[in-house]
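S.K.: A predicted structure for the sequence below; I have some questions about it.
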Amino acid sequence: MLLCAVVILTRRVFACSFCYSQKRLDGKTVVITGCNVGIGKETARELSRRGARIIMACRDTKKAEKAAEEIQKETGGEMEVMKLDLASLASVRAFAEELRLKEKRLHVLINNAGIFMCPYTRTEDGFEMQMGTNHLGHFLLTNLLLPLLTHQEPARVVTLSSIEHLRGIIPFEDMNYEKGYNRSKAYANSKVANVLFTRHLAKRVQGTNIQVFALHPGVVQTDLGRHLLGGYLLSLISFFQKTTVEGIQTVLHCALEADQNDETYYFSECNGAYSSRISRRDDLAEDLWHLSAKMVGMRE
């Protein structure tokens, strides 16, 4: 009995705050990256319920089509699948160009896709996979889509980071880890890059209709840990993690209700949260922006 009580209490510690917003998104267009599984898929489902037209930007379009069909049958919403591989700058540019030809405006961009502690590999363009996918791919994508987000209606950019960003630094002198690679540290570094990117983006879009947010969704039951854990251990640990429904609550809060200002742009548990000292340095945020632009070949 005592053991059961401890287990239940521990599970509740990992549970989350909920977004109680009743806001609808009828007539709004939302782009979500990597949303054929996990919290991305759950986010697509919930925003579709609220009337949004969802563009699923996914690498595996076959899986995305199945997910879109499932969600559409459930919500009756409009779903569209488009090819996007964040580990390929050519794919990012092709996606953005196709979207600009088809759409006049976007209302929400959710940078959800991510790689978690994978073995050392490189993207199509030669970047370390975690920094290349988690940060650089989304950096280029967001910048290419800013013209579609800039209009008279409110718009939002929501980037999923992690509490792991607290351990992160920006390895300016060795962005591709040629001097040594630790996959856990590389993940944390990519996540602090997400927060620094959001901080500098907030300054760049100041005075426009766009608000920007970075967030920690919590420790969620997804397949991100596939590179680290065996099936049994992953199943055991997953009991203490958030469900995907719990895991999307801060995403929903940032996409629907949150207010962003100069010091409140990082959220956890549906509230503004503490971010690391490094992630609050404007000089690092600006330096990372310039370096990222150079790495992806983007004119500033």
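M.R.: Yep, that arrived.

S.K.: Might you report the residue contacts of the closest residue to residue 175 other than its chain neighbours?
M.R.: Spatial nearest neighbour of residue 175, chain neighbours left out: residue 131 (6.3 Å); criterion: C-beta to C-beta, 6 or more residues apart in numbering. (C-beta placed from N, C-alpha, C; glycine too.) Residue 131 makes contact with 175-176, 186, 189-190, 193 under the criterion C-beta atoms under 8 Å, 6 or more residues apart in numbering.

S.K.: one more time with 7 Å, if that's ok
M.R.: 175, 186, 189-190, 193 (C-beta atoms under 7 Å, 6 or more residues apart in numbering).

S.K.: the bottom helix or strand of the protein by mean pLDDT?
M.R.: Sorting the helices and strands of the chain by mean pLDDT, DSSP states H and E puts helix 2-13 at the bottom, at a mean of 40.

S.K.: what's downstream of that helix, the next helix or strand?
M.R.: Next helix or strand after helix 2-13 toward the C-terminus (DSSP states H and E): strand 29-33.

S.K.: packing partners for that next one?
M.R.: Contact partners of strand 29-33 among helices and strands, from 3 or more C-beta pairs under 7 Å, 6 or more residues apart in numbering; DSSP states H and E: helix 38-49, strand 53-58, strand 108-111.

S.K.: Using CSV, please lay out these together with mean pLDDT and mean neighbour count.
M.R.: Written out in CSV, the entries for those read as follows (pLDDT from 0 to 100; neighbours: other C-beta atoms under 10 Å):
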stretch, mean pLDDT, mean neighbour count
helix 38-49, 97, 24
strand 53-58, 98, 26
strand 108-111, 98, 26
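
S.K.: quick one, which of those is nearest to residue 245?
M.R.: Distance to residue 245, taken as C-beta to C-beta, is lowest for helix 38-49 among the helices and strands packed on strand 29-33, at 6.1 Å.

S.K.: what's next to that closest one, contact-wise?
M.R.: Residues lying outside helix 38-49 but in contact with it, judged by C-beta under 7 Å, 6+ apart, are 25, 30, 32, 34-35, 54, 56, 67, 71, 74-75, 77, 79, 110, 112-113, 217, 220, 222-223, 244-245, 247-248, 251-252, 255.
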